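Undergrad: any chance you can model this:
(one chain, ligands or ions: 1)
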Amino acid sequence: MTGEVTTMYEPQTAPRPAYATGFTTLDSELELDSLPLQGSIPEWLNGTLVRNGPAKFEVGEQPLRHWFDGLAMLHKFSFGGGRVSYANRFLRSNAYREAERGRITYSEFATDPCRSLFKRAATLFRPTPTDNCNVNLTRLGDEYVAMTELPLPIAFDPETLDTIGVAFTAPGQHATAHPHHDPQRGELIAYVTHFGPRSEYRIFAQRDRTHQRRIASARVKEPSYMHSFALAERYAILVAFPLVVNPLRLATGARPFIENYEWKPEQGTLVLVFDREEGRLRSQHTAKPCFSFHHVNAFERDSELVIDMAAYDDASIIDSLYMDRVRSAPPSSHPRLLRYRVPLEGSDVGEEILSETYLELPRIDYTQRNGRPYRYVWGVGAHPDGDAPDFVDQLVKIDVESGETLSWFEPGCYPGEPVFVPSPKPDRAEDDGVLLSVVLDGRDARSYLLVLRADSLEELGRAGVPHHIPFGFHGQYFS
Ligand code: CO
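TA: Presented below is the predicted three-dimensional model:
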């Protein structure tokens, strides 16, 4: 996307922002039966939080250029009897094994293998996509899989964090690491972009390793870069931002993956509504240009679709997350909760910012509320008194009906995605439960697992980890 970024590795000599530790490599792999705990955690919390994210940012002398390129590490926090145990392991992907030999062999999001002249021709026409599944994870049938945006999720053992191997292949080349769950059918629903002379978006369902079914597809000339999508009870919704690629540019592979995409705001943002029951693209709508990584929720109400996202004005956030840039200066983009109202009969999209509060890595009460009306979203935010106006250093809760916002903030600390775990109480309130967030304490360069009440964001307890955990992306709780 940018031509300005240097590829030379420059050792950090200037003073770095306090958060920069979160963008440095963690080499050690540990297994600890019990972490030191301050405060207390609820007795009912008896399960495991597994988180995914990049943890190694250079291979030999060669840097991985972008935060999204770091080699995947899984972190596991298990809860039981008021105690917390911890383990972490790199995912043994092919990309990782090659890195252990000092080689970057696979094309990452923004890093390509160093091509010798001899190898160049081969990789130009057959770029080998990475299996570095560093973004998210989920349960698939009886298995657990780690995912990135390439179509090769990798199964792992949730007890040992051992890598098992590729679980299935999505029917395209650019996938999402944010599949949805369809509890009725016991399937994961996802989309993938197939690039070719006739490129298309494909919505598909995956029940286990072997059972895959196509739900619907739509032709597209210049596919959009989309990181997630929305699933309402009857509809799957793709919001195609005007960050688009000519598939021919990708095929010739002269640049790393994301740098082939172009920002074309004049196209606007396209909203594609797929009818899951009829298996077809139902309607297409145009909204103002914007960019988002993360959908929050979508649901049908009064003959319209309500679609909520954490949205940016443009896609410059991707450029600000190149390692050499983000290690020296915080990004200046400010994502906000954007709501679309899309008529089921008609075309005009209503657009409204529900809250000016910084919101990223949004989570909701997924099992009860995804695809349905909901009231609360939790996420990471940026505190006005923090290091930088737009660097993530707080947790927020937004009431999407009233706009009321609560936050948790501690100076010098940088929390990650807050995972909501509902309390086991029958007929509980939507926000009755806890939030689990891995926080980097910039003051002593170590991380801790923070447990908050999800309703008030009051701290219940924290469990200290003896090293820093590099900033990660997503995690899931399994009870
Ligand atoms: Co994501």
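Undergrad: what lies in contact with the helix or strand containing V239?
TA: Assessed by DSSP states H and E, V239 sits inside strand 235-240. Residues outside strand 235-240 that contact it (CB atoms under 8 Å, 6 or more residues apart in numbering) are 189, 191, 201, 203, 215-216, 218, 220, 223-224, 226, 229-231, 269-276, 282, 287, 292, 295, 298, 300, 305, 307, 309, 340, 342. C-betas here are computed from N, CA, C, even on glycine.
Undergrad: now for the nearest residue to P197 once chain neighbours are set aside, how many residues are close by?
TA: Distances taken as CB to CB, 6 or more residues apart in numbering place P247 nearest to P197, at 8.0 Å, with adjacent residues excluded. Taking other CB atoms under 10 Å as the criterion, the count of residues near P247 is 20.
Undergrad: thought P247 was touching S199?
TA: Yes: taking CB atoms under 8 Å as the definition, P247 is a contact partner of S199 at 5.1 Å.
Undergrad: can you tell me the helix or strand for L272?
TA: If you go by DSSP H and E, L272 is part of strand 269-275.
Undergrad: do R92 as well
TA: Short version, using DSSP H and E: R92 is in no helix or strand.
Undergrad: next up, the contacts around F229.
TA: 176, 178, 180, 190-191, 236-239, 295.
Undergrad: can you tell me how far it sits from P343?
TA: The spacing between F229 and P343, counted by CB to CB, to the nearest Å, is 20 Å.
Undergrad: what's the answer for E404, then?
TA: Applying CB to CB, the value for E404 to P343 is 28 Å.
Undergrad: repeat that for W263.
TA: For W263, the distance to P343 - CB to CB - is 28 Å.
Undergrad: the bottom helix or strand of the chain by mean pLDDT?
TA: None of the helices or strands of the chain scores lower by mean pLDDT, DSSP states H and E than helix 117-125, at a mean of 39.
Undergrad: ranges for the helices of this protein?
TA: Taking DSSP state H as the test, the helices found in the chain are 94-100, 117-125, 247-252, 316-320, 323-326, 366-369.
Undergrad: make TSV from those and add distance to A388 to it.
TA: Putting these into TSV (distance: least, CB to CB, whole Å) gives the following:
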stretch	distance to A388
helix 94-100	31
helix 117-125	38
helix 247-252	34
helix 316-320	11
helix 323-326	11
helix 366-369	30
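Undergrad: ok, which of those comes nearest L440?
TA: helix 323-326 (13.8 Å; CB to CB).
Undergrad: mind giving me the packing neighbours of that closest one?
TA: Here helix 323-326 touches no other helix or strand, going by 3 or more CB pairs under 8 Å, 6 or more residues apart in numbering; DSSP states H and E.
Undergrad: shaky segments in the chain?
TA: 1-16, 114-128, 253 (pLDDT under 70).
Undergrad: of W263 and P343, give the one with the bigger neighbour count.
TA: Each of W263 and P343 has its neighbours counted (other CB under 10 Å); W263 has more, 18 against 15.
Undergrad: where do the strands sit along the stretch 251-400 of the chain?
TA: Using DSSP state E, counting those that start in this stretch, the strands found in the stretch 251-400 of the chain span residues 262-263, 269-275, 280-287, 291-301, 304-312, 336-343, 350-355, 360-363, 376-381, 394-399.
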